[in-house]
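1. take this sequence and fold it.
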Amino acid sequence: MSRWLTEAVPRGRVAAFRTLIYLFVAADLVIFTPWVRTRVSVPGDLYRPLLIGRLLPLPTPTETLVTVIFWALLLLALLAATGRAPRLLGWAVCALYLEWMIIAMSYGKVDHDRFGLLVALAVLPTAGRARHGDTTRTEAGGWALRVTQVAVICTYFLAAFAKLRFGGLDWLTGSVLARAIIRRGTDLADLIAQVPHLLIVAQFGIVAFELLSPVVFLLPARWRLAMVGFFYSFHAVTIATITISFAPHLAAMTSFLPLERVRPLVWARRLVGRETPASATDVSPADPMDADTVPPGQAPVGAVAERTLDDQAPVVGRPVGP
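-> Below you'll find the predicted structure:
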């Protein structure tokens, strides 16, 4: 189990995941949760902090406190996205975003789509330094990604558990999706709702999908990526029908993806035709996305690409890679 939890991954994957997560935090402040700043206009006696807010304890939000957290978190998240001072900036972003979420969720509603993101922020500072495009492997980075993956899957599995715990079997045969469509459905959802019994079948399918989500860890690499693709398609349908995005969860779920292949700066240089031999030195020939940089006579990188796809072994069996 310990070998599986610390399965080494390319440092470039850790660097890409770190950049994506911290940029999402900055975007979350200005796009998804700017409403948190309006909490200061709510009477203080309506503030009912979560358990962690009572244990610490944390102060009742004021306009000054919320404003300071907002601007400090926005600045630090953008700095952390550069990969500099990963531990110092990482812990600072983690603490500030946790407080931001405590303020947001202490007025009667708690969103479960934040769990994976919060876990990612808590473990990324432990991954150490990582540079984009670096193909050397790191167990610390592998642990950070694996723990985030476990949190993502727990979000699904525990959601099904909560449905059955509080709704019982009636959740499966009730009008849950029908009510959601009435409240916030789209034209596409209205069309789907007209098909007899389809919403009931969908409710059975949702619970089955959530209960079976841990199977992703038992699959070979290619099938694992295919299942993660199914997860994303499920959320695409959710957005298209009842306009629920789960954006923080989707950001955390990128921990399953071979993000080291995503090299936007390298692609941009190629697009504008400004890449020089000097700038190409930071692109590893082993990167399957940069196969055209391999010198003449060197072996093709197909085998390396296969290894990149398969660098996280399933929970059963020996890990792939050194």
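
2. okay, and the helix or strand of the chain with the least pLDDT?
-> Using mean pLDDT, DSSP states H and E, the weakest-scoring helix or strand in the chain turns out to be helix 302-309, at a mean of 43.

3. in which helix or strand does residue 27 reside?
-> helix 11-27 (DSSP states H and E).

4. so what's the gap between that helix and the chain middle?
-> With Cα atoms, centre = their mean, to the nearest Å as the basis, the distance from the averaged C-alpha position of helix 11-27 to the chain average is 10 Å.

5. list the contacts of the most centrally placed residue in the chain.
-> When the chain is reduced to its mean C-alpha position, the closest residue under Cα atoms, centre = their mean turns out to be residue 252, at 0.9 Å. Taking Cβ atoms under 8 Å, 6 or more residues apart in numbering, we find residue 252 in contact with 21, 116-117, 119-120, 148, 151-152. In short, each C-beta sits where N, CA and C put it, glycine included.

6. most surrounded residue in these?
-> Counting neighbours by other Cβ atoms under 10 Å, the top entry in the contacts of residue 252 is residue 120, with 30 neighbours.

7. can you pull the buried residues of the helix or strand where residue 267 lies?
-> Using DSSP H and E, residue 267 sits in helix 264-272. Applying a neighbour-count criterion of 16 or more other Cβ atoms under 10 Å, the buried positions in helix 264-272 are 266, 269.

8. likewise for stretch 64-78?
-> Of the residues in stretch 64-78, those buried by neighbour count under the rule 16+ other Cβ under 10 Å are 66, 69-70, 73-74, 76-77.

9. pLDDT, distance to residue 187 and secondary structure added to the residues you listed, as TSV?
-> Below are these laid out as TSV (pLDDT from 0 to 100; distance: Cβ to Cβ, whole Å; DSSP: H, G, I helix; E, B strand; the rest coil):
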residue	pLDDT	distance to residue 187	secondary structure
66	93	37	helix
69	96	39	helix
70	96	36	helix
73	97	37	helix
74	97	36	helix
76	98	41	helix
77	98	36	helix
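
10. next one: the closest residue to residue 192 other than its chain neighbours from residue 170, what distance?
-> Counting by Cβ to Cβ, 6 or more residues apart in numbering, residue 192 lies nearest to residue 198, which is 6.1 Å off, once chain neighbours are set aside. If you measure residue 198 against residue 170 using Cβ to Cβ, to the nearest Å, the figure is 18 Å.

11. kindly report the same for residue 113.
-> 24 Å.

12. higher neighbour count, those two?
-> Each of residue 113 and residue 170 had its neighbours counted (other Cβ under 10 Å), and the higher figure belongs to residue 113 (18 against 10).

13. now do the contacts for the more buried one.
-> Residue 113 neighbours (Cβ under 8 Å, 6+ apart): 155, 246-249.

14. again, but for residue 257
-> Under the criterion of Cβ under 8 Å, 6+ apart, the contact list for residue 257 reads 225, 228.

15. helix or strand: which one has the residue nearest to the centre of the chain?
-> Secondary-structure assignment from DSSP H and E places residue 252 in helix 247-253.

16. how many neighbours does the residue lying closest to residue 13 once chain neighbours are set aside have?
-> Ranked by Cβ to Cβ, 6+ apart and with sequence neighbours excluded, the top spatial neighbour of residue 13 is residue 260, at 4.2 Å. Using other Cβ under 10 Å, residue 260 is surrounded by 26 other residues.

17. residue 185 too?
-> Here the count is done by other Cβ under 10 Å, and residue 185 has 19 residues near it.

18. please name the residues that touch the closest residue to it other than its chain neighbours.
-> Of all residues beyond its chain neighbours, the one nearest residue 185 is residue 242 (5.7 Å), with distances taken as Cβ to Cβ, 6+ apart. Each residue near residue 242 by Cβ under 8 Å, 6+ apart is listed here: 177, 180-181, 184-186, 189.

19. hmm, which two among the residues you listed are most spread apart?
-> Spanning the widest gap among the contacts of residue 242 are 177 and 186, at 12.9 Å by Cβ to Cβ.

20. which of the two has more residues huddled nearby?
-> Set side by side, residue 177 and residue 186 give different neighbour counts by other Cβ under 10 Å, the larger being at residue 177 (20 against 14).

21. show me the contacts for that one.
-> 199, 202-203, 242.

22. surely residue 241 touches residue 188?
-> Yes. In this structure, residue 241 sits in contact with residue 188. The criterion is Cβ atoms under 8 Å, and the distance is 5.6 Å.

23. can you report how many residues neighbour residue 98?
-> The burial metric for residue 98, expressed as a neighbour count using other Cβ under 10 Å, is 17.

24. and it, what's its pLDDT?
-> Taken from the predicted model, the pLDDT recorded for residue 98 is 96.

25. just confirm it is within a helix.
-> Yes. When classified by DSSP: H, G, I helix; E, B strand; the rest coil, residue 98 is found to be part of a helix.
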